[in-house]
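>>> sequence first, then the predicted structure, then my questions.
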Amino acid sequence: MNFKAVLLAGVASIAMPLSAYAADLTLRFGHVGNPGSLFEASVNAFAECANGKLGDRAEVQTFGSSQLGNDRELLQKLKLGQVDFSLPSSVMSSVAPEFGVFEMPYIVQDRDHMRRIQAELGDTFQEAALGEGYRIIGYFENGFRHITNNVRPVNVPEDLKGIKLRTPNGEWRVKMFQLYGANPSPMSFSEVFTALQTNVIDGQENPYAQIASAKFQEVQKYLSITGHVYTPGYILVSENNWQKLPEDVRADLEACGSETQDFVYEHAAKLEKDLLQVIIDAGVEVNEADNEAFVAASGPIYEEFSTAVEGGAELIEQIQSLRSGS
């Protein structure tokens, strides 16, 4: 073998392990959504987009149903590098105070309003996430939330008095339902069905997609359509681990975070219609709540957020100024 052949053989021997390593780069996306949930469909759409772009450079693998942990555990695992992506929603208000603005009742009007918020205030929320060691690479959604329970239909806030209601982890949701007279109890999503079934709690509040996919309609008597909070979902990564990824991989992943948002919003709107019918067909009694009564009762929590969170009043004002008709 001549020198040139030896040199080429040596280069090939070095290149092959590098190629094999790149092909073996797996990125784990953990989330709490059950089969049939909006979270599952959203994460799967993101993974399909990403894997189509990444080719043999990397692969996004998805793990739903809290397989890799609940929301709080996934936040910690991001930092430890045990998970590469998660899809937190309400829990982000416990990561940085700015995210608590999305816990304010009825502050988000509709998905077009949310798009304007993202466009105008995205940097604010990105800076808040980066300050805690995370990065947002896309906005999905959890959706508009409604109340189910086994005690009584909820038409006005006073109807919540004494109801033991599960909430996500986040101080503002707890404060909101305390204000309305309920007895809120933060609990991991994966524990809610059993808690409802065994009467540890009376009810919970979630979008239809989470209610139906978790089969809460099997253990709840009443659904009250309140739409009291719209919760975004954030494609979240650890900033430290994110910066270790190749630049081209990061670019493709960020592109998919943006490109799959339209699918998520369209799918969410469809699920709102389809899954409400699933809940009705299960025999759950459904009523339209008096939203004006809830809005009227919500003033104190807006005031508390405005004074407790630095820049809170300005953030509320900015979001409200982006409503259609403002």
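Nice, thanks for sending it over.

>>> need the next SSE after the lowest-mean-pLDDT helix or strand in the chain, C-terminal direction.
In the chain, the helix or strand scored least confidently by mean pLDDT, DSSP states H and E is helix 3-23, which has a mean of 42. As assigned by DSSP states H and E, the chain's next helix or strand after helix 3-23 is strand 26-30.

>>> so what touches the next helix or strand after that following strand?
Next helix or strand after strand 26-30 toward the C-terminus (DSSP H and E): helix 38-54. Helix 38-54 has contacts (Cβ atoms under 8 Å, 6 or more residues apart in numbering) with 27, 29, 31-34, 59-62, 64, 87, 138, 140-143, 207, 209-210, 213, 233, 235, 249, 252-253, 255-257, 259-260, 263-264, 267-268, 271. Yep, even glycine has a C-beta here, placed from its N, CA and C like the rest.

>>> residues in contact with the helix or strand hosting residue 319: which ones?
Secondary structure from DSSP H and E places residue 319 in helix 312-321. Contact with helix 312-321 is made by 97-98, 100-101, 104, 107-108, 117, 120-121, 124, 302, 305-307, 309, 326, as judged by Cβ under 8 Å, 6+ apart.

>>> show me where the stretch 101-250 of the chain has its strands.
Secondary structure of the stretch 101-250 of the chain (DSSP state E, counting those that start in this stretch): strands located at 134-144, 146-149, 164-167, 183-186, 203-206, 222-225, 230-238.

>>> give me the buried positions along the helix holding residue 319.
312, 315-316, 319 (16 or more other Cβ atoms under 10 Å).

>>> redo these as CSV? Include distance to residue 182.
Below are the buried residues of helix 312-321 laid out as CSV (distance: Cβ to Cβ, whole Å):
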residue, distance to residue 182
312, 23
315, 26
316, 23
319, 25
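
>>> surely residue 99 is in contact with residue 93?
Yes - proximity of residue 99 to residue 93 meets the contact threshold set by Cβ atoms under 8 Å, at 4.7 Å.

>>> ok, residue 134 - how many residues close by?
Using other Cβ atoms under 10 Å, residue 134 has 25 other residues around it.

>>> partners of the nearest residue to it once chain neighbours are set aside in the sheet?
What sits nearest to residue 134 in space, not counting adjacent residues and going by Cβ to Cβ, 6 or more residues apart in numbering, is residue 236, at 5.3 Å. The partner list for residue 236 in beta bridges (DSSP bridges) reads residue 86, residue 136.

>>> roughly how far apart are residue 236 and residue 140?
The spacing between residue 236 and residue 140, counted by Cβ to Cβ, to the nearest Å, is 11 Å.

>>> could you list every residue that touches residue 129?
Contacts of residue 129 (Cβ under 8 Å, 6+ apart): 92, 95-96, 135-136, 234, 236.

>>> can you tell me how far residue 215 is from residue 148?
12 Å.

>>> please identify which of those two sits among more neighbours.
Under the criterion of other Cβ under 10 Å, the comparison of residue 215 against residue 148 puts residue 148 first, with 25 against 16.

>>> just the pLDDT for that one.
Residue 148 is assigned a pLDDT of 98 by the prediction.

>>> now do the one 3 residues further on
For residue 151, the model assigns a pLDDT of 98.

>>> got the contact list for it?
Contacts of residue 151 (Cβ under 8 Å, 6+ apart): 162-163, 202-203, 222.

>>> want to try TSV for these, with distance to residue 245 and pLDDT as columns?
Converted to TSV, these look like this (distance: Cβ to Cβ, whole Å; pLDDT from 0 to 100):
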residue	distance to residue 245	pLDDT
162	50	97
163	46	98
202	45	98
203	42	98
222	47	98
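
>>> just the buried subset of those residues, please.
163, 202-203, 222.

>>> any chance of these in CSV, with distance to residue 154 too?
Formatted as CSV, the buried ones among the contacts of residue 151 follow (distance: Cβ to Cβ, whole Å):
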residue, distance to residue 154
163, 8
202, 11
203, 8
222, 7
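
>>> residue 80: which of those is nearest?
Closest approach to residue 80 among those (Cβ to Cβ): residue 203, at 34.5 Å.

>>> if the closest one is in a bridge, with which residues?
According to DSSP bridges, beta-bridge pairing links residue 203 with residue 149, residue 165.

>>> correct me, but it touches residue 147?
Yes - the criterion here is Cβ under 8 Å, and residue 203 meets it with residue 147 at 6.2 Å.
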